[in-house]
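J.: Attaching a predicted model along with its sequence, questions to come.
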Amino acid sequence: MKSKTLPQTNSLKHTLLTIFPPFVLALTFYPLITGLYFNASLVEIAEPMVTLALITLIMALRFVTGKNAFYYIGVSLLFINQFITLAHWIIIKSPRSQNSLFVVFNSHTNEAAGFMELNSGPSYLLVIPFVILFILSLKYTFHYPRQDQGQNKTLGTILVITLIFLSIRAYMGGPREATPLLVRSVHLFHKELNKYKALKGESQFRTDAIKDAVLLNRDKPRVVVLVEGESVNRNHMSLYGYYRNTTPLLQELDDLIVYTDVVSGYGTTYKSIAGALTQSNLENNIEPYEGFSFMDVCRASGVMSYWLSNHSPIGFWNNFTTLLAEQSDKTEWVNLTTNSDVLISYDEKLLGVFEKTLNDEVENKFIFVHLMGSHDRYSERYPPGFARFKGESHKDQTIAHYDNSILYTDYIVDSLIKIMKVYADQKDVAVAMVHVADHGEDVYDDSDDYAGHGFAGVIPTSIVEIPFMVWLSPQYKTQYPEKSQTVSDHAHLPYVTDDQFHSLIDLMGIETEIFEPRRSVFNTDYNFKRTRIIMDGSNYDSIK
């Protein structure tokens, strides 16, 4: 007896429904459609097509084996992958990228929650249809078992086309290009993370490799302090002409040297700090873990390095910044958990720790102070006593909270300078402080509906335009009059902070072959004609 077969039309229909279930297709392309709504010019079809190709292989496996378990696994993985893409479009109004995923991996859960809260709005409702599609895809699986040879031919054709597509992707960009961006990013993140972790065990080897490092005038103790602000847009500082009086204390200092044309090369904390404290910069293609760090140079020349931070060292898989901090001789974390209550950790907690560190018996020191500054959830970055500015609408309130955080940072930096003044006078020590931010912040400056430092395409200038200022104690000016004069004379020259590595070596007075004078803004040989290409590949001076 001949086996029963489906009519040809039904056979093709059932095969296509089994391989391409309607609700699965909707899940796959829903983020893309959302992207078209927010910014069609940024939408790319390649990523969802790769995702569809891989889901097709899983659905084919379900079709061949007859086991619906493959379907549920595939749909669940698809939901996770596409949900991340959708969330990126809703929150940042741009497609996800490897860089943005690295930022997520380097963030704490409460940091992520704060960022989502900051940019919450009606667009979050777009998640609801997506979740409904996921539920429907679990309920309606469109599982039609194979019943004739015609279905095998259809399946074979689909598989050939799918494998050709993935093979072309792999051939053009390597095997990882045939996988979703999330998978590629996780792989690269782990790869880089392991290299950062290896740095700790290699510190002595790297120190020994810098055989020529010499601290000049060793008999005259000196201290260099780098105060790293967080998410500070200089255009919100009255010191730089902002209409609100957000920096009243710093403006009163007649010995503060304010640099007026400094930009961060990066829009993320971990890249900015790594670029500032290692040989890595935007021009040499050296990864931060491949070259020397400033802490290596300090150790090789007999300078003790300290890392003081109000950021928690506990992150998702531990973060790059924490691992870089461990290259210092001593670290001090004043916020040791990611609990939401402890997350409200005001920068004044660093003042006592900083004063204690300054008075450490070691004569020559480099101290890195990492402020919480104006990190998102701006309203939680300052005590109630600094809530000077107000706003009526959500947008105006957000700007007011941000400006209040700038006002509080003004108090913190001024307090640090007061502590350094007392120390320099009591100990007769030359002290130099640089205050800079890792990156800026777009607080409705370049967009009408967004606050943060995420971006797609050309980076907004508000994200890279940062404050940069130098304070030199009278003792430093007396001991190093020519260097002090150069520091003052160069206050209006263009500069990118990925060259801080060389500027710090210069300010510290360390002599080594690693040092490149043309990259130090504090040097008479400084190359102020450098083309300022920033992280998105654009020339800052052509877009500002």
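T.: Yep, it's here.

J.: The lengthiest helix in the chain packs against which elements?
T.: Criterion DSSP state H: the longest helix present in the chain is helix 394-427. Here helix 394-427 touches strand 222-229, helix 248-251, helix 349-358, strand 430-437, strand 442-443, helix 474-479, going by 3 or more CB pairs under 8 Å, 6 or more residues apart in numbering; DSSP states H and E. (C-beta placed from N, C-alpha, C; glycine too.)

J.: List the buried residues of the last one.
T.: It stands for helix 474-479. 475-477, 479 (16 or more other CB atoms under 10 Å).

J.: what about the strands in the stretch 151-300 of the chain?
T.: Ranges of strands in the stretch 151-300 of the chain, per DSSP state E, counting those that start in this stretch, are 214-215, 222-229, 256-259, 262-263.

J.: want to throw the ones you listed into CSV with distance to residue 435, mean neighbour count and mean pLDDT?
T.: Listed next are the strands of the stretch 151-300 of the chain as CSV, based on distance: least, CB to CB, whole Å; neighbours: other CB atoms under 10 Å; pLDDT from 0 to 100:
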stretch, distance to residue 435, mean neighbour count, mean pLDDT
strand 214-215, 23, 16, 92
strand 222-229, 4, 26, 96
strand 256-259, 9, 20, 98
strand 262-263, 11, 24, 96
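
J.: Nearest to residue 503, out of those strands?
T.: strand 222-229 (9.8 Å; CB to CB).

J.: Residues touching the closest one, excluding its own?
T.: Residues outside strand 222-229 that contact it (CB atoms under 8 Å, 6 or more residues apart in numbering): 273, 276, 358, 364-371, 373-374, 409, 413, 416, 420, 423, 429-438, 466-467, 476, 479, 500, 504, 507-509.

J.: Repeat the analysis, applying 7 Å as the threshold.
T.: The contact list for strand 222-229 (CB atoms under 7 Å, 6 or more residues apart in numbering) reads 273, 358, 364-371, 373, 409, 413, 416, 420, 429-438, 467, 476, 504, 507-509.

J.: The closest residue to residue 387 other than its chain neighbours: how many residues sit nearby?
T.: Nearest non-adjacent residue to residue 387, counting by CB to CB, 6 or more residues apart in numbering: residue 404, 5.5 Å away. Residues near residue 404, counting by other CB atoms under 10 Å, number 24.

J.: Verify the contact between residue 404 and residue 388 for me.
T.: Yes. The pair residue 404 / residue 388 is scored as a contact, 6.1 Å apart, by CB atoms under 7 Å.

J.: Skip the chain neighbours and tell me the closest residue to residue 288.
T.: residue 274 (3.8 Å).

J.: now residue 346
T.: Nearest to residue 346 is residue 383, by CB to CB, 6+ apart, at 5.8 Å.

J.: From residue 355, how far off is the one you found?
T.: Residue 383 is 19 Å from residue 355, where distance means CB to CB, to the nearest Å.

J.: Show me which of these two is the more surrounded one.
T.: Counted by other CB under 10 Å, residue 383 and residue 355 do not tie: residue 355 has more neighbours, with 16 against 12.

J.: ok, for that one, nearest residue in space, not its chain neighbours?
T.: Sequence neighbours aside, residue 419 is the residue nearest to residue 355 in space, at 5.1 Å (criterion: CB to CB, 6+ apart).

J.: for residue 145, same thing?
T.: residue 66 (5.4 Å).

J.: Equivalent analysis for residue 259, please.
T.: residue 468 (4.0 Å).

J.: That neighbour - how many residues pack around it?
T.: There are 23 residues near residue 468, going by other CB under 10 Å.

J.: contacting residues for it?
T.: Contacts of residue 468 by CB under 7 Å, 6+ apart are 259, 262, 436.

J.: Can I get the residues you listed in TSV including distance to residue 250?
T.: TSV is the format used below for the contacts of residue 468 (distance: CB to CB, whole Å):
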residue	distance to residue 250
259	13
262	15
436	13
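
J.: Can you tell me the element residue 459 falls in?
T.: Assigned by DSSP states H and E, residue 459 falls within no helix or strand.

J.: And residue 130, by the same measure?
T.: helix 127-139.

J.: That helix: how far from the chain's middle?
T.: 32 Å (CA atoms, centre = their mean, to the nearest Å).
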